[in-house]
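Peer 1: Return a 3D structure for these sequence lines:
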Amino acid sequence: MFRFFRSIPTNTVLAKEAYERAQKGEIRLIDVREAGEWAHMHVPGAMHAPLSSLAESLPQLPTDKPLVFYCLSGKRSQSAIKICRKHGLPHDTHLAGGITAWRAAGLPVDH
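Peer 2: The predicted model follows:
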């Protein structure tokens with residue numbers, strides 16, 4: 001009668017931790033916002049892979065270290081994790097609060 005869905009476990013990383021780990025080369029940041037958002041502002045060194053075409057871009061994602069997805073606030077980055085899981089990829093981490101939290105923490109952005 002009722003169908004229950006198990007949520008996919010995700011890991012969340014805070015902005016300052018993501019920054020420190022990216023600076024050390026421990027993770028790769030992946031921006032899943034659309035092209036106009038990316039052009040307006042993005043995290044230095046991040047890779048752009050818009051959510052709207054992420055499934056097609058999966059083969060181009062780096063495999064040498066863990067990925068951390070981010071968007072504006074955190075909703076699309078969670079969707080990116082679901083897309084990866086649907087395609088059998090282990091990516092499970094996103095940036096809490098997205099680039100909004102990144103900026104609020106005073107971390108650098110490129111324009």
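
Peer 1: Quickly list what the residue sitting nearest the centre point of the chain is bridged to.
Peer 2: Closest residue to the average C-alpha location of the chain: residue 69 at 0.8 Å, with CA atoms, centre = their mean. Taking DSSP bridges as the rule, residue 69 bridges to residue 30, residue 94.

Peer 1: what's the neighbour count on the closest residue to residue 42 other than its chain neighbours?
Peer 2: Spatially, and ignoring its direct neighbours in sequence, residue 42 is nearest to residue 31 (5.2 Å; CB to CB, 6 or more residues apart in numbering). (C-beta placed from N, C-alpha, C; glycine too.) Residues lying near residue 31 (other CB atoms under 10 Å) number 26.

Peer 1: so residue 31 sits right up against residue 47, yeah?
Peer 2: Yes. Assessed by CB atoms under 8 Å, residue 31 is found in contact with residue 47 at 7.0 Å.

Peer 1: As a check, name the ranges of all strands in this structure.
Peer 2: Assigned by DSSP state E, the chain shows strands spanning 11-13, 28-31, 47-48, 67-70, 93-95.

Peer 1: highest average neighbour count across those?
Peer 2: strand 67-70 (a mean of 27; mean count of other CB atoms under 10 Å).

Peer 1: Pull the residues that contact that one.
Peer 2: Residues from elsewhere that reach strand 67-70 (CB atoms under 8 Å, 6 or more residues apart in numbering): 13, 18, 21-22, 27-32, 43, 46, 61, 77, 80-81, 91, 93-95, 98-99, 102.

Peer 1: Tell me how far stretch 58-75 lies from the chain's centre.
Peer 2: Relative to its chain's centre, stretch 58-75 lies at 4 Å (CA atoms, centre = their mean, to the nearest Å).
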